[in-house]
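Asks: sequence and predicted structure below; questions after.
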Amino acid sequence: MSFPGFTAESSLYRTRVLYRLANVWSTGSWNDASGLVNPAGPICMNNCAADTYCCGPSCCLPTWGCCDSGCCDGVCYGGEDGEAQCCPSDATLCSGGEACAGPGETCCGDITCGPNRVCCQGGGDDYCIPEDSANCGACAATNPGTSTACASGQTCSNHQCSCSDDTDCGSEQTCDGSGVCQCGSDSGSVACGPNCIPEDESNCGSCLNACPTGWACCGGTCTDTSSDNYNCGGCGNSCNTKAGQTCQNGTCACPDTQTSLDTPSDCGTCGKKCTGKTPDCCNYNCVNVDNNNNNCGSCGNTCTFPETCQFGACVCLHPYSKCRGKCVNAQTDPNNCGPFCTKCPNNYSCVGGRCKCSGGVICGGPGGSCCLWPNICVGKSCVA
């Protein structure tokens, strides 16, 4: 955890924060003058449970931060007084780390603008002005070259221009049935004054609607992807809630075991255990990788006929045997004949594991050509 903006003058303060975050306040007392821990007595005035930690006089959950103001379910940040303030989970920590925008507010450098106000930044100054038809969705003075004004006679409300028809809207906008300029629903953008800007965590669903720190904008809605069952770890990644999964810290897992649905303790459904003759979990089903033809030795390793799975390995069924990495019948296969996988000469058959000229005549004695009717032998050759 960092606290932007602190200088050398606040070194004692940083020491205080480090002591707190290291959870060393279980004993000792605080000396406001020196900022040091005095081990003479306790600082936590209540007894913290095993799953919490001490933050001054309070007990915090392990996922919460410890700011000067106490426990924080969001993030700590450096406020104007040099103290670590809490930016709660439903607020947005501004990019400079010096301001926290609550619901309805927008970040503006190291300050925040309230509802119906827009941010002006330029010349080293950050300031807010009332939003009007000339400054709709953005500040005209600090956005040269960008149109921020609504059409003549139209008004600005909630960062959008009113309209009577499409001619009152920006080039990428249309006038909807409620008399407001909008961008196309499938354009991936939102209307800010007369402009369409990309929808993102700073403009989620509507202009200047910022998501809380760490949240994502999914389908025009701000969501906490660390706990959203339908956007777990990222937009569109759904957990199998029917099988009992929930989103935990951005990962779909079963509540009791913290595992996914492809483990022997939670196979296909939370709580379904693989035991006995089928102790392994593959593709959400209990199997035995020692003898499963679709999951032999490991999930997804398939044995195809004439192979079968034995003791976790694909082996050849009788009377097949391995020749050049394949299962063949060495008793009848002319390309893999006998124990040495011999390739029989042309017209020869494999009979009982031996190459034979069945139904023909061997021209010129052993090793000669196998001549089949209606061809005839001429010397050692077979000719038509």
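Replies: Nice, thanks for sending it over.

Asks: now this structure, which segments are flagged as low pLDDT?
Replies: For the chain, residues meeting the criterion pLDDT under 70 lie at 1-47, 79-82.

Asks: residue ranges of the helices in it, please?
Replies: Listed from the start of the chain, the chain has helices (DSSP state H) covering 11-21.

Asks: how is it carved up into domains?
Replies: The chain breaks down by automatic domain parsing into domains covering 1-89, 100-224, 227-273.

Asks: wait, doesn't T106 sit right on L208?
Replies: Yes. Under the criterion of C-beta atoms under 8 Å, T106 makes contact with L208 at 4.9 Å. For glycine as for every other residue, the C-beta is placed from the backbone atoms N, C-alpha and C.

Asks: can you get me the start-to-end distance on stretch 280-295?
Replies: Stretch 280-295 stretches 10 Å from its first residue to its last (C-alpha to C-alpha, to the nearest Å).

Asks: okay, T106 and L208: which has more neighbours?
Replies: Shown here are T106 and L208; by other C-beta atoms under 10 Å, L208 has more neighbours (25 against 22).

Asks: any chance of the domains of the chain in CSV, plus distance to G312?
Replies: As requested, the domains of the chain are arranged in CSV below (distance: least, C-beta to C-beta, whole Å):
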stretch, distance to G312
domain 1-89, 42
domain 100-224, 42
domain 227-273, 16
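
Asks: of these, which is nearest K322?
Replies: Put simply, out of these the one that sits nearest K322 is domain 227-273, at 31.8 Å, with distance taken as C-beta to C-beta.

Asks: end to end on that closest one, go ahead and measure it.
Replies: End-to-end span of domain 227-273 (C-alpha to C-alpha): 25 Å.

Asks: got it, and stretch 370-384?
Replies: Note: stretch 370-384 ends 13 Å apart using C-alpha to C-alpha.

Asks: what's in contact with it?
Replies: When contacts are defined by C-beta atoms under 8 Å, 6 or more residues apart in numbering, stretch 370-384 is touched by residues 345-348, 357, 359-365, 368-369.

Asks: quick one: buried residues of it?
Replies: Of the residues in stretch 370-384, those buried by neighbour count under the rule 16 or more other C-beta atoms under 10 Å are C370, C371, N375, C377, C382.

Asks: closest to C136 out of the residues you listed?
Replies: Comparing these against C136 with C-beta to C-beta picks out C370 as the nearest, at 93.4 Å.

Asks: N292 versus that closest one, what's the distance?
Replies: For C370, the distance to N292 under the criterion C-beta to C-beta, to the nearest Å works out to 45 Å.
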